[in-house]
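In: 3D, please:
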Amino acid sequence: MSGKTIHQDTYKDPVRRYQLVCFSWNQLPLFVGLTLGIAFGLILTPIVTESCASLETSTAKNVTIDEYEPRVNLAGKPVSARKQPKVLTRPRYYSTELGLREKLFVGVLVNNPSADLFGLSVAVNQTLAHYVDRIAFFIETVAGKKVNTKNLPVIGFIDSKRGLLPLHVLKYISDNFLTGFDYFMLVKDSTYVKGRQLAELVGHLSISEDVFLGSNPGRRQSYCSIEGGIILSHSVLRKLSSHLEWCAANIPLGNDDIVVGQCVKEALKFQCAPEAQGQEYASLPIPKDISPIQIEDYLQTEVAAFTSSVTIHPVNDPAVLYQLHRQTTLRIIDTLDEKISDLRSAIVSMAHVAPGGVAALTWPIGSPPRSKPASRYDVIRWDYFNETHIFLDKESSVVKCLVGVEKQEVEEVVNSSRALIENKYPNLKYNRLINGYRRYDPVRGMDYLVDMEFIDSLTQEEVWRRIEGARLLTKVESVPMPYVTENARINMIAFVSEEQVENAKHFLELYHRHCLSKKENSFLTLVLLNSDGYALSDPFQQVKELASQYSGQYKKDGPKIAIQSLKIGRDIPDALAILDIAIKKLNPDSLVLLCSLNMEIYSDFLNRVRMNTIAGMQVFSPIPFSEYNPLVAYRNGDRPVELDVTTAHGFYNEHSYDHISFYVADYVASRKNISNEVPIAKSEKDLLNPDFLKSSYGTVTTMFIKSQKLHVLRAVDPFLRLRYVEKDCSGLWGTQFEFCNESRLKSQGTRSQLAKLYHEFTDKNEL
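Out: Sure, this is the predicted structure:
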């Protein structure tokens, strides 16, 4: 055993050999099972696959294919779209998209344009244009001859071959107006047309049938007279449009009635008729030499024909046409009065079975009832007046003289009440107005109560009478205005004095935040009013540097800010004089917004400026929302970064006329009209002239109002918000001082805020 390792063979050991044999026999079933499993798996795999495939095939054969089931066929189709889909551009007006048309177009054939274009044609336009959707006047003229149209919608044709005017008119209408109207009327300017009766007749016709209406003057041919008027439907004119050239080449010219009638007959196999769809068209002929004095007597003999007729002809004198219109209007008024009387009688007779009974009847009968207040805050108060003054018509007014329209209103009420009593009681004679009350009800109109004193001529006693009156609201009519785009460039102009440097810097920051950074289509001009041109230091240096900084940031977008320095004296000149010089560099079609430095800038307000300012027609003078004195309005809180439109923070200042938008051409035209009263400033030297310091107009808005050339739109704008600025009214006079002082007083705060402030100082003995 001396350090040698003895290796014994375990296989030679009988005990160990027996243990190994026993272990091998114990594991034999496991090996056999694994071997058999693998063998069977390899053998059976193809058989199972074939049986599954056959099962799927048989199952697919038994499935019934639905022929209505949608299937996507991608064979031969490109993976991506070859053409980009077009963007659908919808028309601006829904009537264009839906194919809606207006009702009636009237074409007037002028008989003698060189002699009487401003007589009969003007009369026809004034008596007919407001009843139809569109009217146009057609004339034949010679090449090179100018015709003064007198603002009439005149369309002229130059043709060496006379007698083609009716066909020219039909061709022009079919090319330009066919898709816009349901019916077309041709008539001559020697014809009076009852516009209301014509509109009612066309309104009862259906566009589903062909219509060719007119009056036959009794000729042997069944052709209607153009002088009496003819009406063609949209479908008839559409079919006729392709045959007009054939008619011009083949139909003998001479008589307009025969040319049009034969053209329709030969092309469409359709004849004119005096009746269509139960509606009759009649025309009344009158003597050619009848005078305006004789026309009334003549119509008395033709009452039935005059009542049923739509047109009256021939008319050779505009005075006769106006007299016919007067007689027609009087008969319409009488007819309406009879209908109103019948309706009122029916309302009274049925009142006992109607809701509310007889007590629910209103005065006048059939008028809207008075509004019922929901609470005591909604009660409409009565304003007291006499013949010269009105009392407490506003919260800020105690007594005010009656002037202008208000004085005319009171005089009309007094005179109407006086005439009513004196006609009913002939022995009573008017003496004086004792009391007068008026109340505006937005539901029905203006109501009046007047107490009047009369003298009885029989007994010489004083008699008091109370009269109730009403001026009811009529049908609201919209004022037609041309369409204005929202992409016009706004030239904002603001005046900056030496005391307003900090306000100007803040205004530039707002302009940078809301206009420059948002790519707003605008341009800002700061007019610097330098009262000391020889000072060593420039008081506007910071303003100029900030403006230059912002302009440099957006240099690629073009110039956005301009600085204009003007030398003035100690006193600031009138706004009109400064504006005369400030707008010289602008084009006549430029849109200008005159604004103040305490204004907050919002895109919504700028868009309204673009929409409400119409060149040649309208200027926009918004009523701003002015902030109250911050020391009063925000005593219990911090001043907000942006002004909120609430009753606790501000008010709509109706006495502010500083903001106005207009076009340069309109300003120049209105300015020339008052140049005799207020001279136009042409250079900076004029600003030193005392004549330009003050004017009777004061503001640009006042100038536009007094010129009466343009419509001035005056309305509140919630996005025109002004920060509080202490007003100095010492240098003003007249109406300007009253407006300034009223604004200064109202801007201090609400009554409740001022009352609380008063009590706080009173309690602290600090007052």
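In: avg pLDDT for stretch 141-160?
Out: Mean pLDDT, computed over stretch 141-160, is 72.
In: To clarify, my last question referred to stretch 569-588.
Out: Across stretch 569-588, the per-residue pLDDT values average to 86.
In: now do stretch 670-678
Out: For stretch 670-678, the per-residue pLDDT averages 85.
In: Next, the buried residues of that stretch.
Out: For stretch 670-678, a neighbour-count test (16 or more other CB atoms under 10 Å) marks 670-671, 674, 678 as buried. For the C-beta atoms, the positions are set from N, CA and C on the backbone; glycine is no exception.
In: mind putting the residues you listed in CSV, secondary structure and distance to residue 98 included?
Out: Below are the buried residues of stretch 670-678 laid out as CSV (DSSP: H, G, I helix; E, B strand; the rest coil; distance: CB to CB, whole Å):
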residue, secondary structure, distance to residue 98
670, helix, 41
671, helix, 46
674, coil, 48
678, coil, 52
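In: can I get these in JSON lines with distance to residue 176?
Out: Below are these laid out as JSON lines (distance: CB to CB, whole Å):
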{"residue": "670", "distance to residue 176": "35"}
{"residue": "671", "distance to residue 176": "39"}
{"residue": "674", "distance to residue 176": "42"}
{"residue": "678", "distance to residue 176": "46"}
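In: Pull the number of nearby residues for the residue lying closest to residue 406 once chain neighbours are set aside.
Out: Using CB to CB, 6 or more residues apart in numbering and skipping residues adjacent in sequence, the residue nearest residue 406 is residue 390, 6.8 Å away. A count of neighbours around residue 390, defined by other CB atoms under 10 Å, yields 20.
In: Also the one 4 residues further on?
Out: Summarising burial for residue 394: neighbours were counted as other CB under 10 Å, giving 10.
In: so how far is residue 746 from it?
Out: 11 Å (CB to CB, to the nearest Å).
In: Residue 35 now?
Out: 109 Å.
In: Neighbour count for these two, which is higher?
Out: residue 746 (18 against 10).
In: For the more buried one, list the residues it contacts.
Out: Contacts for residue 746 (CB atoms under 8 Å, 6 or more residues apart in numbering) come out as 396, 626, 651, 653, 655.
In: Over to the second one. Which of the three states is it?
Out: So that's residue 626. strand (DSSP: H, G, I helix; E, B strand; the rest coil).
In: Could you double-check that it sits in contact with residue 724?
Out: Yes - if you go by CB atoms under 8 Å, residue 626 and residue 724 touch, sitting 7.4 Å apart.
In: what's the overlap in contacts for those two?
Out: residue 747.
In: per-residue confidence for residue 365?
Out: We have a pLDDT of 91 for residue 365.
In: cool, residue 254 as well?
Out: For residue 254, the pLDDT comes out at 76.
In: Let me know the helix or strand that it is in.
Out: Residue 254 is part of no helix or strand, with elements assigned from DSSP states H and E.
In: Contact partners for the residue lying closest to it once chain neighbours are set aside?
Out: Once flanking residues are discounted, residue 254 sits nearest to residue 163: 6.1 Å by CB to CB, 6+ apart. Listed by CB under 8 Å, 6+ apart, the contact set of residue 163 reads 253-254, 256, 259.
In: Looking at those residues, which is nearest residue 42?
Out: For these, the residue nearest residue 42 by CB to CB is residue 259; the value is 105.1 Å.
In: longest strand anywhere in the protein?
Out: Using DSSP state E to define each element, the chain has its longest strand at strand 428-441.
In: Keeping just the C-alphas, turn that strand into PDB.
Out: What follows is strand 428-441, C-alpha atoms only, in PDB (Å, rounded to 0.1, in the frame of the first residue of the first chain):
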ATOM      1  CA  LEU A 428    -113.700 121.000 -28.900                       C
ATOM      2  CA  LYS A 429    -110.700 123.100 -29.800                       C
ATOM      3  CA  TYR A 430    -107.200 122.100 -28.900                       C
ATOM      4  CA  ASN A 431    -105.500 124.200 -26.200                       C
ATOM      5  CA  ARG A 432    -102.300 122.400 -24.900                       C
ATOM      6  CA  LEU A 433    -100.600 119.100 -24.200                       C
ATOM      7  CA  ILE A 434    -100.700 118.300 -20.500                       C
ATOM      8  CA  ASN A 435     -98.800 115.000 -20.200                       C
ATOM      9  CA  GLY A 436     -97.200 112.600 -22.700                       C
ATOM     10  CA  TYR A 437     -95.900 109.100 -22.200                       C
ATOM     11  CA  ARG A 438     -94.100 106.800 -24.600                       C
ATOM     12  CA  ARG A 439     -92.800 103.200 -24.300                       C
ATOM     13  CA  TYR A 440     -90.900 101.200 -26.800                       C
ATOM     14  CA  ASP A 441     -91.900  97.500 -26.800                       C
END
